[in-house]
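S.K.: Prediction below, plus the sequence it came from.
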Number of protein chains: 2
Amino acid sequence: MSPGTSKVIAGITTSVDGYITGPDDGPEHGLGIGGERLHNWVMGGPWTYDGEHAFAMSAEDREFYDEFVAGIGSGLCGRGMYDASGAWGGTNPFGGTLHVVTHRTEDAPDPSTGFRFVDGFEQALALAREAAGEQDVAIAGGADMIRQGLAGGHVDVLEISTAPLILGKGKRLFEGFEHDIDLEKVTVHSSQWATHTTYAVKR
Amino acid sequence: MSPGTSKVIAGITTSVDGYITGPDDGPEHGLGIGGERLHNWVMGGPWTYDGEHAFAMSAEDREFYDEFVAGIGSGLCGRGMYDASGAWGGTNPFGGTLHVVTHRTEDAPDPSTGFRFVDGFEQALALAREAAGEQDVAIAGGADMIRQGLAGGHVDVLEISTAPLILGKGKRLFEGFEHDIDLEKVTVHSSQWATHTTYAVKR
């Protein structure tokens, strides 16, 4: 990894006990029962799926997020995350095209949405790299996409945003992941709602 | 929890994937295979059980550690941790008496070591509270002691030091822990070797 070249960045928010969703995540419950608290940092405080939230993203969270998004040229995510988020309201919120890994490609959205359905992780990563050019590639989740990226040695940077809660149940980021990987701390951004730690993956 | 009163502080170091040891921790392998990297922040860099390490604790890690230890009047830990550490060389490294929870009390060390064997978590916590007076009580680990403290509603402050590595195997801090607990971020100390996040437990 050298400055100026494209990096693959896996970024996700977890609870202190390592969950990226509460139980029953999906189209009906989004981040799962109680899991919406994981994204308080995104909303600037407690929020609901009905759109009720009082605040904007804090200055510390905004600084972290803007730095991350600024470098992204393209990315990929899993179908589960795409569905659970309600396709982010219908438009890709990240830079460039977001490649959605899914075996069910028949209901692919219009390319103008910024989403592209791709049947397979490796293929999606190759397309995202091509689309990103010299910019960075984001692996936006879910857990299985990030585990595949790490297991395959594709991830250059791992960004973990830790929310101040213990969930107890849900989907664990490192469930069943048995690789030993050394990391190097790059930056920490801290707010009331999250500790964002950025790691470079050592090789 | 109000200023000036005794708090129960659970503090431990974990990997990014939530392990507090590598595999096969115990008297022979200490923090388990590869787990010694968890404590690079304690040693100021890579180290071995033969005593080989080059550096002293970094200024950031020292600041976190000194703040933590300064308030501790007494504490408790599990027998597994006591044995795995080799009884910290024979003397309690923390403030006051460290109560070691164990069913095997027949080989209790001399009280001058600063260790006291107690048969049961609740009893050890009561004794530690009594010994600490208006100072804080530390739950130093292992994972099962911290889980018992959290599950029982005893913990006021949770301190997680996250080391920059993915272990893949070992003992997980939140293994089998299914409680949902809201936390409030208090402080973050960051060094090359760890992100120390201090949380108050909300009630």
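M.R.: Arrived safely.
S.K.: following the strand ranked longest in chain A, which helix or strand comes up?
M.R.: Scanning chain A for the strand with the most residues, using DSSP state E, yields strand A:181-190. Using DSSP states H and E, the helix or strand that follows strand A:181-190 in sequence is strand A:195-201.
S.K.: Need the residues that contact that following strand.
M.R.: A:1, A:61, A:64, A:150, A:155-162, A:181, A:183-190, B:16, B:162, B:164, B:185, B:188, B:190, B:195, B:197 (Cβ atoms under 8 Å, 6 or more residues apart in numbering or on different chains). For glycine as for every other residue, the C-beta is placed from the backbone atoms N, C-alpha and C.
S.K.: name the helices or strands packed onto the longest strand of chain A?
M.R.: In terms of contacts (3 or more Cβ pairs under 8 Å, 6 or more residues apart in numbering or on different chains; DSSP states H and E), strand A:181-190 is packed against helix A:59-70, strand A:195-201, strand B:165-166, strand B:181-190, strand B:195-201.
S.K.: Tell me which of these approaches A:Gly120 most closely.
M.R.: Distance to A:Gly120, taken as Cβ to Cβ, is lowest for strand A:195-201 among those, at 22.2 Å.
S.K.: If I take that closest one and strand A:181-190, what angle do their directions form?
M.R.: 150 degrees (axes from the mean of the first three to the mean of the last three Cα atoms, to 10 degrees).
S.K.: So what angle separates the directions of strand A:195-201 and helix A:59-70?
M.R.: Using the same axes, to 10 degrees: strand A:195-201 against helix A:59-70 is 30 degrees.
S.K.: Report the central residue of chain A.
M.R.: A:Ala140 (2.7 Å; Cα atoms, centre = their mean).
S.K.: which residues touch that one?
M.R.: By Cβ under 8 Å, 6+ apart, the neighbours of A:Ala140 are A:Gly11, A:Ile12, A:Gly75, A:Leu76, A:Cys77, A:Met81, A:Phe94, A:Leu98.
S.K.: what's the burial count for A:Val157?
M.R.: 22 (other Cβ atoms under 10 Å in any protein chain shown).
S.K.: now the nearest residue to it once chain neighbours are set aside, which residues is it bridged with?
M.R.: Closest residue to A:Val157 apart from its sequence neighbours, by Cβ to Cβ, 6 or more residues apart in numbering or on different chains: A:Ile9 at 4.4 Å. Here A:Ile9 sits in beta bridges with A:Ala138, A:Val157, going by DSSP bridges.
S.K.: Report the secondary structure state of the residue lying farthest from the centre of chain A.
M.R.: Most distant from the centre of chain A: A:Glu106, at 24.2 Å, with distances by Cα atoms, centre = their mean. Of the three states, A:Glu106 takes coil under DSSP: H, G, I helix; E, B strand; the rest coil.
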